[in-house]
Structure formats: C-alpha cells, structure tokens
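Peer 1: task: produce atomic coordinates for the following.
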Amino acid sequence: MSLPSEDLVPPFLLASARFGIQLGLMRMQSLLRRLGNPENACRVIHVAGTNGKGSVTSYLATSLACAGYRTGVYTSPYLERFHERIRVIDGQKGVLLLREDEAHGEIDHDSLFRLSDLVERAVRRMVAEGEEHPTEFELVTAVAFLYFRETRCQYVVLETGLGGRLDSTNVIDRPVATIITSLGFDHTDRLGNTMAEIAAEKGGIIKNGCPLYFSDPHDSDLSSSDADTAEKVIRDIAEKRSAPLMLMSSDRITVAQSDEGGQTFGVDFFPEPLRVNLLGEYQMRNAALAVAALIGICPPDAIREGLRLTKWKGRLEVLRRSPLILLDGGHNPQGARSFRRTTEDLFAALFLQHPPILILGFMRDKDAEGILRELFGGLSYRFRSIFLTAPDNPRSMSPTSLERMISERFSDDSLFYNDDTSMYNRQGKIFAFQRVSDACRAALDDSESCGAPILCVGSLYLAGEARPVLKNL
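Peer 2: Numbers count the residues shown, from 1 in each chain. Model prediction:
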C-alpha cells in the first residue's frame with residue numbers, strides 16, 4: 001500500500017490528511033446534512049471489531065450480491081488501490097466479474113473526483129461558518145455515502161475505521177444489523193488501555209432495537225478476565241438499547257474439514273454445510289457471524305454460494321502454491337498469533353523440509369515486540385532467512401530498528417538452522433532493505449534458486465506493496 005498520488009486521488013482528499021485522526025461525529029453529521037443525508041438512502045449492516053472486520057464484511061457483501069442485491073462495500077484501509085475502499089457489487093454477475101477482475105466494482109475515477117468536488121464545496125461552507133474542517137476519513141466516508149446513493153445500492157456493508165462510538169461511519173441511525181467481531185488490544189492510544197474501555201468504544205455502534213451479532217470474546221486470545229469484561233460491557237449496552245443479542249461461540253460450529261484448500265463446517269442455526277476458501281480457523285467464526293446476520297435477508301443458497309466465492313486479499317492469502325507464497329496483513333499480536341497457528345497447522349511439515357524465507361515490516365505505532373513474540377515464540381520450524389523492510393509510509397519502523405529489536409530478543413538458534421552440512425544453510429542471516437519491492441525481488445530470487453517458501457507478514461501497508469510484486473512473480 002503505497003501513498004496515493006494526485007492523478008489518482010483528488011488533491012482535496014490528499015491534502016486533508018494533515019488534519020490527522022480526530023474521533024467525533026459532529027463534523028460528519030454537519031457535512032452529511034449539507035449533502036442531503038445520503039447515508040439514509042440504503043439499508044446498512046454495520047461492522048466493528050479489532051480483528052476480522054474485513055473478512056466478515058466480505059462474506060456479507062458477497063452473499064448479498066449472490067442474492068441479487070446491488071451491494072455497496074466500504075472498507076479501510078485500502079490494500080493496493082485507493083479506489084478499492086468504495087465498491088459496488090451488482091448482484092451475482094458482479095461477484096463473478098470480481099473473481100476475474102480484482103478491481104471490478106471499485107468507484108470509477110470520474111465519480112471519485114466529481115463527488116469529491118461536491119464534498120469540497122460543502123466543506124468550504126462549513127469552514128466559512130466557523131466549523132472545523134473534517135478529516136480525510138470523514139471526507140472519504142461522505143464520498144462513499146454519495147456514491148452508494150447515486151448507484152442505488154440496496155444494501156451497504158459498512159466497516160468502521162477506528163473504534164465505533166465516535167467513528168465517522170457511526171452516523172447510521174437504523175442499521176439492519178450490527179456486528180462486532182473479535183476484540184483485542186489495538187489503537188489503545190485512542191480507544192483506551194483496558195478491555196472495558198475498548199469494548200465500550202466498539203459497542204458504540206449498537207443501536208436501539210437493532211439486532212447485534214457478537215463474536216464470543218472467550219474464543220479469542222483475551223484473558224478469561226478480559227473476555228468476561230468484554231462480554232459484560234457489550235451485553236449491558238445491548239440490554240440498555242433493547243438490541244437483541246446473538247453471541248457467536250465456537251461451540252456452535254462443527255468442523256468437517258480444514259486444509260490448505262479451505263474449510264467446510266456447520267453451524268447449529270443453518271441447515272446445510274458451509275464452505276469457505278479463506279484460511280485460518282477463525283475464518284469459520286467470522287463466516288458464522290455473517291451467516292447469522294444474513295438469515296432472513298438472503299436465501300440459504302445465496303449464503304452458501306457467497307461464502308464459497310468470498311475472497312479477501314492480503315489475509316492469509318496463498319499467492320502461489322509451488323513454491324508456496326503466503327501473504328498476510330496481520331499487524332497486531334492477535335493477528336500474528338493466528339498467522340503462526342495457521343501456518344504451523346497447515347504447513348509445518350513443508351517448512352521442516354524447506355525452511356521459509358520471511359519478509360517482515362511493521363509500523364512504529366504497533367506493538368512490534370508483541371508481534372515478534374507471537375511470530376517467533378515456540379516455532380516448530382526455523383527460517384532460511386529473514387528480509388526486513390519498511391513500507392512507503394511515514395509511520396514505518398526502519399529495517400535497522402527492527403533488526404536491532406530481533407537481535408536483542410531472539411537468538412539465532414531460535415530463528416535459523418545452523419547446520420553447515422545442510423543444503424539450505426544460510427547461517428541465520430537477516431537482511432535489511434529500504435524498499436519493499438527490493439526485499440520481495442530478493443526473496444523471489446532466493447526462492448527460485450532453492451524452492452524455499454516465502455512468508456510475508458507484519459502490516460497491511462507491507463501487504464499492499466508486496467502483493468503486486470509477489471503475485472506477478
């Protein structure tokens with residue numbers, strides 16, 4: 001995910017990045033009033049959470065489209081193209097086209113610029129009347145609402161950007177359903193340092209009388225105490241707002257098959273087996289959340305087909321199978337733990353025979369130490385080599401800082417094989433690259449010489465830049 005340029009994104013949106021992240025709804029509400037409240041034109045399913053928001057959003061949108069609905073999708077951040085944040089999937093045909101063309105359904109260039117002009121004029125009136133200038137995220141969200149109204153979307157799946165209570169998307173008064181995915185500790189500088197605070201922020205999307213589907217925090221990596229707290233906070237908010245609550249627990253899921261090709265499972269509230277192609281046992285919980293929210297909206301056949309056809313790039317995505325190239329945008333300890341568990345479950349035997357090359361890059365404001373502990377702690381295999389790099393973002397951690405952190409906290413023996421007689425011996429080397437593309441090409445060259453798998457993980461920004469290089473080979 002490299003920074004967008006002015007020829008691809010309206011300069012007004014780019015310039016508004018200087019306002020940073022400012023949580024609150026007053027600016028957004030004022031802006032939308034001036035635009036005729038486009039957010040009220042569609043039926044909305046609102047999704048919040050720490051991990052799994054994107055996957056759940058994709059399951060929902062693909063299933064709705066398979067049911068024949070013109071479906072708007074709003075996600076953030078983007079992975080490869082700014083335009084992918086705002087997408088319209090026009091029924092079953094749109095789903096099939098999306099599988100052939102990853103950019104299908106994205107807001108077109110002319111619409112993005114034209115609607116941004118409308119938003120800019122409204123912002124000028126706001127500022128002239130003494131109101132604060134909206135943030136970049138607020139402006140993009142307003143463009144999305146305008147586009148969904150203009151294209152006459154029948155449903156919109158709306159993913160929060162940060163938190164929930166004060167997130168710019170939380171201007172929807174009467175959503176069809178709200179969903180809160182797995183909770184964890186992320187963005188603690190803005191959402192709070194305790195699980196009670198974080199759950200309260202996420203629970204801010206719960207609306208009066210609106211059904212809520214909540215991923216059981218006891219199925220996450222939270223401590224028992226934090227899980228109890230999260231559940232109590234969400235239940236209390238739901239009860240206060242008379243919102244029917246369905247807690248999605250893993251004991252409602254029966255796994256039939258799980259391998260590197262996907263997963264087949266059943267849930268106790270759906271009559272037939274379900275299939276997803278996304279990897280990671282948590283994807284079954286994510287899919288179950290989506291299914292629960294879709295019952296009564298989509299026929300069972302559309303739900304089954306939607307789950308089966310769902311793709312979500314950059315999340316435990318297999319870009320190639322021989323040699324294996326696996327890409328994941330996990331950027332917090334929970335995501336790193338899921339990545340490690342899934343790779344060990346599915347590929348440990350392969351990695352013992354062919355140690356993988358690891359491409360790694362983080363943002364400075366993430367819990368780098370926690371991510372490293374989860375990635376490297378108790379591994380059943382070792383790496384051939386580790387390539388460190390920095391995504392094209394001012395928040396990136398430098399490769400040298402990351403190398404120092406790894407060297408200070410982990411021994412070579414815990415990371416690398418050091419058998420001189422080994423055909424794959426690299427003597428535990430860590431390599432630093434200033435550019436993601438250089439790290440990826442070096443990894444590809446090394447892999448070509450020996451057939452080593454490639455793992456790329458650490459940040460959505462890293463995944464966005466690495467994906468086109470690794471995918472095109």
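Peer 1: what's the spacing between the residue nearest the centre of the chain and residue 157?
Peer 2: For the chain, residue 54 is the residue whose C-alpha lies nearest the centre (Cα atoms, centre = their mean; 4.1 Å). The gap separating residue 54 from residue 157 is 11 Å, by Cβ to Cβ, to the nearest Å. Every residue, glycine included, has its C-beta placed from N, CA and C.
Peer 1: can you check residue 65 too?
Peer 2: 10 Å.
Peer 1: between the two, which contacts overlap?
Peer 2: residue 71 (Cβ atoms under 8 Å, 6 or more residues apart in numbering).
Peer 1: excluding covalently adjacent residues, which one is nearest to residue 262?
Peer 2: Using Cβ to Cβ, 6 or more residues apart in numbering and skipping the chain neighbours, the partner closest in space to residue 262 is residue 277 (4.1 Å).
Peer 1: what do you get for residue 366?
Peer 2: Per Cβ to Cβ, 6+ apart, closest to residue 366 is residue 331, 5.5 Å.
Peer 1: what sits against that neighbour?
Peer 2: So residue 331 contacts 362-363, 366, 371, 458-460 (Cβ under 8 Å, 6+ apart).
Peer 1: same thing but at 10 Å, please
Peer 2: 51, 186, 361-363, 365-368, 371, 457-463 (Cβ atoms under 10 Å, 6 or more residues apart in numbering).
Peer 1: which helix or strand contains it?
Peer 2: Residue 331 is part of no helix or strand when elements are defined by DSSP states H and E.
Peer 1: same deal with the one 4 residues further on?
Peer 2: Using DSSP H and E, residue 335 sits within helix 333-353.
Peer 1: strand partners (parallel or antiparallel) of the helix or strand that that helix is followed by?
Peer 2: The helix or strand immediately downstream of helix 333-353 is strand 357-360, counting by DSSP H and E. Using DSSP bridges, the strands paired with strand 357-360 in its sheet are strand 385-388 (parallel), strand 454-457 (parallel).
Peer 1: want to throw these into CSV with distance to residue 258 and mean pLDDT?
Peer 2: Formatted as CSV, the strands paired with strand 357-360 follow (distance: least, Cβ to Cβ, whole Å; pLDDT from 0 to 100):
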stretch, distance to residue 258, mean pLDDT
strand 385-388, 28, 95
strand 454-457, 19, 96
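Peer 1: out of those, flag the one nearest residue 113.
Peer 2: Residue 113 lies closest to strand 454-457 among the strands paired with strand 357-360, at 33.0 Å (Cβ to Cβ).
Peer 1: put the alpha carbons of the closest one into PDB.
Peer 2: C-alpha atoms of strand 454-457 as PDB (Å, rounded to 0.1, in the frame of the first residue of the first chain):
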ATOM      1  CA  ILE A 454       8.000 -17.200   1.200                       C
ATOM      2  CA  LEU A 455       6.000 -15.800   4.100                       C
ATOM      3  CA  CYS A 456       5.200 -12.000   4.100                       C
ATOM      4  CA  VAL A 457       3.600 -10.600   7.200                       C
END
